[in-house]
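Undergrad: Got a sequence here, can you model it:
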Amino acid sequence: SSGINAEYGHLARVTFQEHPASRNIPLPPPHQVMPFIFFKKSKIVEALKKTIKVDQRAMNVTTMEEMIQTGAILPSSAKFDKERALAWWREDLGLLNHYFNWHVTYPHPPYLPRDRQGELFAYMHEQMLARYDFERLAVGLNRIQPYGPSDGWEKPLVEGYNSKLAMCSARGANSNLSSGGIYYIGKGVPNTVTVNDMEKYKERISSAIALGFLYKDCNNKVNIQCETGMNDLGNTIQANAGSINKTLYGNLHNHGHLILSRINDPTGMYQIPPGPMNYDQSAPRDPVFYRWHKFIDNMFEEQRGNLPPHKTQDLVFDGIDIESFSVKLDPTEDDKAKLEHWKMFSETENHFYTHMETSWNKIYNTKGNDASGGPAHLEIPHEALNHIPFSYNLRVKNRNKREKNVVFRVFLVPEIDEPLDHWRTMFVELDKFVVTVRANATVATQINRKDVQSSVVISPQPTVEDIDNTDGEMSGDCGCGWPLNLLIPKGKKGGMKGSIFVLASDWNKDGVEPNVVMDGSVSYCGKMGPKSEYPDKRPMGYPFDRLVVSDENRPFDSLDDFVQDVPNSFCTRVTITHIENWPEQKREQKSKSEENKKQ
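TA: All right, here's what the predicted structure looks like:
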């Protein structure tokens, strides 16, 4: 019943995740049971108004009147705020659920970090930035710029933001940080931090990256110019229990979130609630989240720049050739009818189609129990991006004498006229999967893989209703994983050009347990369980985790140059078209369609 308190909701989820007796208990999506930190206040008020007309007994009128009096339900007047063009992406429920559940799965102290948590912290946020930049390019905005200590904090924060959440305050445009002031960051030790402290910690971490080691204490150094260096650096920047030296390097990432959430009232003197950056459930809604994490990612990029580059000889998988790679639509019958209506169905190969659609969400913990004594709920609409289902089709030839376990690493990147290394961080991971390819020098193996099988996306999650209606046992997972509806970027009305790149590598060498099936949203979330190992030995984001060069140490200028030197790779040009005015289904038809899709 932690409907309005995001912190209680977070604590409850961490407790369920960490306790052995409850780790596998199914939990509903966070937005269903913590609605006030996921839905705008005006949407909840509107739903409450409809409820009071239907059943006066089921309504706590006092609560509703208070909400109407305090509810900011007027539309924003910030008509010229360019960041509003991407509010639909930042406020996507699947994205917000993923981010919250990731931090529940990889919690802060006192819990020890999970396997490669620091590296995954860096990679997961880098992927969020890559996906956000993809969307920014589609609407004509520049890639995100950093905002952090010694990297923009001395200037006003241009982006204002009003989340209109009941728990969060708004921030006006051109807000200034209190450069010499003290920020109260809540209970604990320390409970205050200054901008000067943050600049000091940033300089210490940057110096450690340049020197190639972190100080554990006065007499011991930890080398970070090695394969485990990114993990040690990530743990230190995230300041989890694996930090090499929290006294020396501080709590840079977390305190940055707290400072930016308190920009309106640093000391708490005026009792102004913090902004969205204060909570894992709401932080990605705020445009400054991406600027802050670009600042954090730039430090990780410094680290990546110090690592030895990948050479062609390290990337080649002898005897494995990818002969073709294509994307084909796999539309539902309803999708086919709509595509034919829009005269687009003829282009079904290497062409993605996206559209906006409205779903109705049942939410709980808004007003106590209804007249029947059961859990009261409201229904709130939410518009989100989706795409026509698709599948990958590969033809792979194995010229070796024995079958090979091959892992296929699939990435999507926008078309950019720059050298490859300049946009290396723009490669969006779409999938990673393992196939046993039989030995046959003359006949290629055909491989088909559906979008719903992606190693990036979250598995279907049980709702409150599913859990209530289940007679037998139901197991759950961590709830972490990228939403399927955001797997493909929105694109443009006239089509947005891009490329899909796939690299095949030897899973017998790359896999931690090569004979164990790799399923679920492992790319961004790892395997379930506090002691489980991340299944892929390679650096996260491989091969684009660092500079890629030829055997003559020449950086590749383009993907075509890369593929020419690496026969176990392939590049396919694709188009992403956004269909506007996508016909909506009736609510009862939509629900039935979604149920059929689940089955």
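
Undergrad: which non-adjacent residue is nearest Pro26?
TA: Nearest non-adjacent residue to Pro26, counting by CB to CB, 6 or more residues apart in numbering: Gly476, 3.2 Å away. Heads up, the C-betas are built off the backbone N, CA and C, glycines and all.

Undergrad: can you pull the contacts of the one you found?
TA: Asn24, Ile25, Pro26, Leu27, Pro462 (CB atoms under 8 Å, 6 or more residues apart in numbering).

Undergrad: State the helix or strand in which the second one lies.
TA: It refers to Ile25. Using DSSP states H and E, Ile25 sits within no helix or strand.

Undergrad: That one: neighbour count?
TA: By other CB atoms under 10 Å, 13 other residues sit near Ile25.

Undergrad: again with the last one
TA: For Pro462, the count of nearby residues is 19 (other CB under 10 Å).

Undergrad: returning to that earlier point: what helix or strand is the residue nearest to Pro26 located in?
TA: In the assignment (DSSP H and E), Gly476 maps to no helix and no strand.

Undergrad: Surely Asp232 is in contact with Val222?
TA: Yes. Assessed by CB atoms under 8 Å, Asp232 is found in contact with Val222 at 5.7 Å.

Undergrad: More neighbours: which of those two?
TA: Asp232 (23 against 18).

Undergrad: any residues in contact with both of Asp232 and Val222?
TA: Going by CB under 8 Å, 6+ apart, residues that sit against Asp232 and also against Val222 are Leu214, Ile244.

Undergrad: Can you list the low-confidence ranges for this structure?
TA: Along the chain, segments meeting pLDDT under 70 span 1-5, 52-79, 179-180, 187-190, 341-346, 367-375, 472, 584-599.

Undergrad: Name the residue closest to the centre of it, please.
TA: The centroid of the chain falls nearest to Met128 when counting by CA atoms, centre = their mean (4.8 Å).

Undergrad: any idea how far it lies from Phe433?
TA: 22 Å (CB to CB, to the nearest Å).

Undergrad: what does Gly186 give?
TA: Per CB to CB, Gly186 is found 43 Å from Phe433.

Undergrad: who's in contact with the nearest residue to Ser282 once chain neighbours are set aside?
TA: Nearest residue to Ser282 in three dimensions, chain neighbours excluded: Pro276, at 3.9 Å (CB to CB, 6+ apart). By CB under 8 Å, 6+ apart, Pro276 lies in contact with Tyr161, Ser163, Leu165, Cys168, Ser261, Ser282, Ala283, Arg285, Asp286, Phe289.

Undergrad: from the residues you listed, which is closest to Thr332?
TA: Relative to Thr332, the closest of the contacts of Pro276 is Arg285; by CB to CB it sits at 30.8 Å.

Undergrad: what number of residues lie near that closest one?
TA: 27.

Undergrad: Ok, Asp81 next?
TA: Number of residues near Asp81 (other CB under 10 Å) recorded here: 17.

Undergrad: So between Gly186 and Phe433, which is more surrounded?
TA: When Gly186 and Phe433 are compared for neighbours, Phe433 comes out ahead with 18 against 12, by other CB under 10 Å.

Undergrad: what pairs with that one across the strands?
TA: Following DSSP bridges, Phe433 is listed with bridge partners Phe408.

Undergrad: Tell me who's in contact with Arg114.
TA: Counting by CB under 8 Å, 6+ apart, Arg114 has contacts Thr105, Tyr106, Gly526, Pro530, Lys531, Ser532.

Undergrad: do that again at 10 Å, thanks
TA: 105-107, 120, 240, 242, 526-527, 529-534 (CB atoms under 10 Å, 6 or more residues apart in numbering).

Undergrad: which SS state does it fall under?
TA: Assigned with DSSP: H, G, I helix; E, B strand; the rest coil, Arg114 falls in the coil class.

Undergrad: cool, Asp297 as well?
TA: The three-state assignment at Asp297 reads helix, by three-state DSSP.

Undergrad: Roughly how far does the residue nearest to Pro26 sit from Asn485?
TA: Look at Gly476 and Asn485: by CB to CB, they are 21 Å apart.

Undergrad: Check Asp417 too.
TA: Distance of Asp417 to Asn485, computed by CB to CB: 30 Å.

Undergrad: Same check on Val563?
TA: From Val563 to Asn485 the distance is 30 Å (CB to CB).

Undergrad: Pull up the pairing partners for the strand ranked longest in the chain, direction included.
TA: Longest strand in the chain by number of residues, with DSSP state E as the criterion: strand 351-369. In the sheet, strand 351-369 lines up against strand 375-387 (antiparallel), strand 569-578 (parallel) (DSSP bridges).

Undergrad: What residues sit buried inside that strand?
TA: Buried positions in strand 351-369, judged by neighbour count with 16 or more other CB atoms under 10 Å: 351-356, 359, 361, 363-367.

Undergrad: Same check on stretch 544-563?
TA: In terms of neighbour count (16+ other CB under 10 Å), stretch 544-563 has its buried residues at Phe544, Asp545, Arg546, Leu547, Val548, Val549, Ser550, Phe556, Leu559, Phe562, Val563.

Undergrad: give the contact list for the closest residue to the fifth one other than its chain neighbours.
TA: Setting aside the residues directly before and after it, Val548 is nearest to His310 in space (CB to CB, 6+ apart), at 4.9 Å. By CB under 10 Å, 6+ apart, the contact set of His310 is Arg538, Pro539, Tyr542, Pro543, Phe544, Asp545, Arg546, Leu547, Val548, Val549.

Undergrad: circling back to that earlier point, how about a markdown table for the contacts of Gly476, with distance to Leu95 added?
TA: Compiled in a markdown table, the contacts of Gly476 are given as follows (distance: CB to CB, whole Å):
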| residue | distance to Leu95 |
| --- | --- |
| Asn24 | 25 |
| Ile25 | 24 |
| Pro26 | 21 |
| Leu27 | 18 |
| Pro462 | 19 |
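
Undergrad: And the furthest pair within the residues you listed?
TA: Farthest apart among the contacts of Gly476 by CB to CB are Asn24 and Pro462. That separation is 12.3 Å.

Undergrad: between those two, what contacts are shared?
TA: Taking CB under 10 Å, 6+ apart as the contact rule, Asn24 and Pro462 both touch Met474, Ser475, Gly476, Asp477.

Undergrad: List only buried entries from the residues you listed.
TA: Buried by 16+ other CB under 10 Å: Gly476, Asp477, out of the shared contacts of Asn24 and Pro462.
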